[in-house]
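Student: Generate coordinates for the sequence data below:
(one chain, ligands or ions: 2)
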Amino acid sequence: MAKFPDVLLAACAVLLALAAPLLAGDPDMLQDFCVADYKSLEGPLRLNGFPCKRPENVTADDFFSGVLAAPGNTGNPVGSAVTAANVEKLPGLNTLGVSMSRVDYAPWGVNPPHTHPRATEIIFVLEGSLDVGFVTTSGKLFARTVCKGELFVFPRGLVHFQRNNGGTPAVAISAFNSQLPGTQSVAVALFGATPPLPTDVLARALQIDGGVVEAIKSKFQPKY
Ligand code: GLV
Ligand code: MN
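Tutor: Numbers count the residues shown, from 1 in each chain. Ligands and ions are numbered 1, 2, ... in the order given. Okay, here's the model as predicted:
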């Protein structure tokens with residue numbers, strides 16, 4: 001029979017092995033690549049990720065995207081545009097656990113508070129300078145200015161934002177440790193959901209009048 005410390009060690013090893021996938025980002029890959037087969041979306045099967053294209057049908061183009069080459073249109077109320085290069089646009093990313101986005105900011109434009117439930121984000125300022133920040137689960141704000149050529153990290157799941165702090169356009173590139181980080185805007189989640197969140201819930205939560213809640217809701221177009 002195994003001695004007590006051996007049993008304990010074995011139990012710890014099993015626990016660690018089970019916990020590892022929970023601590024990681026996207027699941028680890030089991031082959032060189034698994035280019036997303038978008039055609040599978042036409043069938044009834046749904047997977048965590050996409051099924052792989054047959055390897056003989058894979059080409060270099062499956063690993064290429066020019067989607068970040070063009071600036072996004074910042075002519076909107078917040079003055080920013082996020083262009084994503086994730087697995088939904090770049091099939092070669094499937095199972096690789098990474099993606100990128102480009103953020104364009106009009107002068108003084110804001111990328112409003114949002115979270116990525118599946119990824120940590122690292123942002124690199126290509127042009128201009130940004131005021132950035134994230135809020136921890138205990139309510140502490142970490143914020144600072146990040147200039148051209150500098151980096152900042154937003155830990156996974158935490159609410160964060162950027163603001164162009166200058167009178168000329170700014171551009172940043174973000175990298176994520178997920179093929180599909182997911183983005184949840186705080187304002188859109190609260191005020192633009194379909195069906196809408198009850199006005200009295202929001203009025204109570206935000207300690208404001210129901211009329212103010214209705215006024216804010218009217219500014220957000222429901223997505224569906
Ligand atoms: C910036 O925060 C982004 O999500 O691209
Ligand atoms: Mn982000």
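Student: Show me how far stretch 150-157 is from its chain's centre.
Tutor: 11 Å (C-alpha atoms, centre = their mean, to the nearest Å).
Student: oh, I was asking about stretch 134-144
Tutor: 17 Å.
Student: ditto for stretch 93-111
Tutor: With C-alpha atoms, centre = their mean, you get 8 Å for stretch 93-111.
Student: In three-state terms, label the closest residue to L202 other than its chain neighbours for me.
Tutor: The spatially closest residue to L202, leaving aside those adjacent along the chain, is V213, at 4.6 Å (C-beta to C-beta, 6 or more residues apart in numbering). From N, CA and C alone the C-beta is placed, and that goes for glycine too. Following DSSP: H, G, I helix; E, B strand; the rest coil, the label given to V213 is helix.
Student: And this protein, split by domain according to the record?
Tutor: What automatic domain parsing lists as the domains of the chain is 71-84+97-183, 192-224.
Student: Could you check the first one against ligand 1 for contacts?
Tutor: So the one you mean is domain 71-84+97-183. Yes: under the criterion of C-beta under 6 Å from any ligand atom, ligand 1 is reached by domain 71-84+97-183 at V82, S101, V103, N111, E121, H160, Q162, S174, T183.
Student: Now the buried members of these.
Tutor: Buried by 16 or more other C-beta atoms under 10 Å: S101, V103, N111, E121, H160, Q162, S174, T183, out of those.
Student: pLDDT wise, what is the fourth one at?
Tutor: Here the pLDDT value assigned to E121 is 98.
Student: Just give the nearest non-adjacent residue to it, would you?
Tutor: Per C-beta to C-beta, 6+ apart, closest to E121 is F154, 4.4 Å.
Student: Bridged to F161, which residues?
Tutor: Note on F161: beta-bridge partners by DSSP bridges are G133.
Student: hang on, it packs against L130?
Tutor: No: counting by C-beta atoms under 8 Å, F161 sits too far from L130 to count as a contact (9.6 Å).
Student: who's more crowded, the two?
Tutor: L130 (28 against 19; other C-beta atoms under 10 Å).
Student: and the gap between the residue nearest to the more buried one when sequence neighbours are not counted and T199?
Tutor: Using C-beta to C-beta, 6+ apart and skipping the chain neighbours, the partner closest in space to L130 is Q162 (4.7 Å). Per C-beta to C-beta, to the nearest Å, Q162 is found 30 Å from T199.
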